[in-house]
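Enquirer: kindly return the folded structure for what I paste below:
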Amino acid sequence: MAHPAGERPFNLLERASLWTSGFCMAGMAILILAEVLLRGVFNSTTEHSDELVGYLLVGVSFLSLALCQSRGAFHRVEMVQMRLGPRGQALSALVFDVLSFAYIGLTNWYFVQFVLSSYRREAMASTVLATPLWIPESVMILGATMLLLALAKSIVDDVRKLAQ
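Expert: Reported below is the predicted structural model:
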């Protein structure tokens, strides 16, 4: 039985996207709250919260992309879509999803090259933590790969709609 997008259960990819991005969001909130309490109550600081919150922000941004794609949360040009018939809408969605897949695939390939370069150069953050940069950069690859999987599913759905 088909469920509307808002009511259908989460699939494995959506759950992974939800939980990983949610973990990053919760981590950000906890770190910011700890920093506020330490500064306000104890006149102290964690000294690393700004760096860690920045890494978690990248995590939220990239890891939530697959969930946003599969739940239709991205902007659409509805003014154009309304003027098309059902077949035109399906074809338009297919073209857009294929172009998006190609763009994200290319971007992800560059992300991989970027992370491998950071790993080979043993690049570190110029902070007290000296975080190896390939660690937070790898989140971009994970998020883009999850988005590619969600786009692939959308493409399959678009082709099914066109075949009807």
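
Enquirer: what are the buried residues along the longest helix along the chain?
Expert: In the chain, taking DSSP state H as the definition, the longest helix is helix 86-121. Residues of helix 86-121 classed as buried by neighbour count (16 or more other Cβ atoms under 10 Å): 89-90, 92-94, 96-97, 100-101, 104, 108, 111-112, 115, 118. Every C-beta, even on glycine, is put in place using the N, C-alpha and C of the backbone.

Enquirer: next up, the contacts around Glu137.
Expert: Phe111, Phe114, Val115, Ser118 (Cβ atoms under 8 Å, 6 or more residues apart in numbering).

Enquirer: Ala73 versus the closest residue to the second one other than its chain neighbours, what's the distance?
Expert: In this case it means Phe114. Once flanking residues are discounted, Phe114 sits nearest to Glu137: 6.4 Å by Cβ to Cβ, 6 or more residues apart in numbering. Applying Cβ to Cβ, to the nearest Å, the value for Glu137 to Ala73 is 25 Å.

Enquirer: could you point out which element follows the longest helix of the chain?
Expert: For helix 86-121, the succeeding helix or strand toward the C-terminus, using DSSP states H and E, is helix 134-163.

Enquirer: could you list every helix and strand in contact with the helix or strand of the chain with the lowest mean pLDDT?
Expert: When the helices and strands of the chain are scored by mean pLDDT, DSSP states H and E, helix 78-83 comes last with a mean of 82. Secondary-structure packing of helix 78-83 (3 or more Cβ pairs under 8 Å, 6 or more residues apart in numbering; DSSP states H and E): helix 86-121.

Enquirer: what's the angle between the helix it packs on and helix 134-163?
Expert: 160 degrees (axes from the mean of the first three to the mean of the last three Cα atoms, to 10 degrees).
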